[in-house]
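Engineer: Quick one, structure for this:
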Amino acid sequence: MAIRKEDLYKMVESLNEEVKKAAFDFMEFLIERSKNKKPESWQKIDELESDNDPLTEEEREQLESKDGYISGEDEKREFGLQVDLP
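Structural biologist: Numbers count the residues shown, from 1 in each chain. Take a look at the predicted model:
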């Protein structure tokens with residue numbers, strides 16, 4: 001599916017200033033990923049020792065909660081990231 005640059009520009013322009021930083025960060029991530037290269041911060045994470053600590057009671061409750069999960073589509077709508085183009 002070909003995406004026109006003009007459509008991308010319109011999407012970015014429609015964002016409020018608060019959200020544009022997140023969009024910028026995500027675009028940087030996508031560019032790095034398209035080069036099959038992990039962002040530097042991810043490489044640092046890979047170098048850390050594994051965390052073998054058991055889950056806390058609070059973490060266990062969050063994982064078991066039915067209210068703790070949200071679909072990607074719902075999250076996009078909640079944060080205003082879903083844009084339907086004509």
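Engineer: In the protein, where is pLDDT below threshold?
Structural biologist: Where the chain drops to pLDDT under 70, the residues are 37-39, 68-74, 82-86.
Engineer: can you pull out the helices in it?
Structural biologist: Chain-ordered helices for the chain, with DSSP state H as the definition, fall at 5-14, 17-34, 40-47, 57-64, 72-78.
Engineer: Turn these into CSV, columns for mean neighbour count.
Structural biologist: (Each C-beta comes from the backbone N, C-alpha and C, glycine too.) Output for those, formatted as CSV (neighbours: other CB atoms under 10 Å):
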stretch, mean neighbour count
helix 5-14, 11
helix 17-34, 11
helix 40-47, 9
helix 57-64, 10
helix 72-78, 11
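Engineer: how much space is there between the closest residue to Glu75 other than its chain neighbours and Val12?
Structural biologist: With CB to CB, 6 or more residues apart in numbering as the measure, Leu81 is the residue that lies nearest to Glu75, at 7.7 Å, once sequence neighbours are left out. Distance, Leu81 to Val12, by CB to CB, to the nearest Å: 12 Å.
Engineer: and what of Asp67?
Structural biologist: The gap separating Asp67 from Val12 is 33 Å, by CB to CB.
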